[in-house]
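J.: build me a model:
(2 chains)
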Amino acid sequence: GAVVSQHPSRVICKSGTSVKIECRSLDFQATTMFWYRQFPKQSLMLMATSNEGSKATYEQGVEKDKFLINHASLTLSTLTVTSAHPEDSSFYICSASRGLAGYNEQFFGPGTRLTVL
Amino acid sequence: AQSVSQHNHHVILSEAASLELGCNYSYGGTVNLFWYVQYPGQHLQLLLKYFSGDPLVKGIKGFEAEFIKSKFSFNLRKPSVQWSDTAEYFCAVSSGTYKYIFGTGTRLKVLA
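T.: Sure, this is the predicted structure:
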């Protein structure tokens, strides 16, 4: 149990376009979902936290208007990279938690590789 | 600000060797501690976690970790590694908020 999927797994887009990444909890209801960014050979950096039906909470330095997060249901969160540029190329990972993640395990999706040309 | 340090960035071992990966954190309050593993091409999986109780935590695949509060450490150990343990290992800390702070990861390569 506790499977998290992401779609797409890879996406290549032209500079200036927008890209939407979906994160789904397949067999549980996720109270909280998280979006991370992972640069090559570096750790996961938390971008934002989203709770179903609420506005996402962004980490310092993350542009809210650039990375739009929607958590429309207890099983789906989306990250939209708006007007993508080459510096947005990265590996984006989502995770989901049944409750307060500090007290519950986060379950991670397989990640989405974004390449902006 | 909280931080998590993993001092070993790359580790190469032969099969059957013992493994210890270091993890230190900076936070003075109550913490929850995690070790995650990421096998090549796969997503992060939880190896083990510590919330309270016995500071020696046993996880999956023969891994264990010891929480030493006085040293702010949560080192990961395995007595005898296998080739299939080749992966990247991440330590994470949560201080009672919902957020995890991840270490920079340790790439382990086990030679057959």
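J.: could you use CA atoms for every contact and neighbour count after this?
T.: OK.
J.: quick check: bridge partners of the residue nearest the centre of chain B?
T.: Nearest residue to the geometric centre of chain B (C-alpha atoms, centre = their mean): B:W35, 3.8 Å. The partner list for B:W35 in beta bridges (DSSP bridges) reads B:L48, B:C91.
J.: wait, doesn't it sit right on B:Y89?
T.: Yes - B:W35 lies in contact with B:Y89 (C-alpha atoms under 8 Å); the separation is 7.0 Å.
J.: correct me if wrong: B:L108 contacts B:Y89.
T.: Yes - if you go by C-alpha under 8 Å, B:L108 and B:Y89 touch, sitting 7.5 Å apart.
J.: and stretch A:87-97, how far out from the chain middle?
T.: Averaging C-alpha positions (C-alpha atoms, centre = their mean, to the nearest Å) puts stretch A:87-97 5 Å from its chain's average.
J.: pLDDT of it, averaged?
T.: For stretch A:87-97, mean pLDDT rounds to 94.
J.: quick one: contacts for B:E66?
T.: Contact analysis of B:E66 by C-alpha atoms under 8 Å, 6 or more residues apart in numbering or on different chains lists B:P55, B:L56, B:V57, B:S73, B:F74, B:N75, B:L76.
J.: excluding its backbone neighbours, what's nearest it?
T.: B:L56 (4.4 Å; C-alpha to C-alpha, 6 or more residues apart in numbering or on different chains).
J.: how many other residues sit next to the one you found?
T.: 14 (other C-alpha atoms under 10 Å in any protein chain shown).
J.: that one contacts B:F67, correct?
T.: Yes - counting by C-alpha under 8 Å, B:L56 touches B:F67, with 6.4 Å between them.
J.: let me see the contact set for the nearest residue to B:K61 once chain neighbours are set aside.
T.: Nearest non-adjacent residue to B:K61, counting by C-alpha to C-alpha, 6+ apart: B:L47, 7.9 Å away. Counting by C-alpha under 8 Å, 6+ apart, B:L47 touches B:F34, B:W35, B:Y36, B:V37, B:G59, B:I60, B:K61, B:F63.
J.: if we use 7 Å, what do you get?
T.: Counting by C-alpha atoms under 7 Å, 6 or more residues apart in numbering or on different chains, B:L47 touches B:W35, B:Y36, B:V37, B:G59, B:I60.
J.: from chain A, how far out is B:K99?
T.: B:K99 is 6 Å from chain A, where distance means C-alpha to the nearest C-alpha, to the nearest Å.
J.: what's the neighbour count on B:F72?
T.: Neighbour number of B:F72 under other C-alpha under 10 Å is 16.
J.: and for the one 10 residues further on?
T.: By the criterion of other C-alpha under 10 Å, B:Q82 has 17 neighbours.
J.: that one and B:A16 touch, don't they?
T.: Yes - B:Q82 lies in contact with B:A16 (C-alpha atoms under 7 Å); the separation is 6.3 Å.
J.: of all residues in chain A, which one is nearest the centre?
T.: With distances taken as C-alpha atoms, centre = their mean, the residue of chain A nearest its centroid is A:W35 (3.3 Å).
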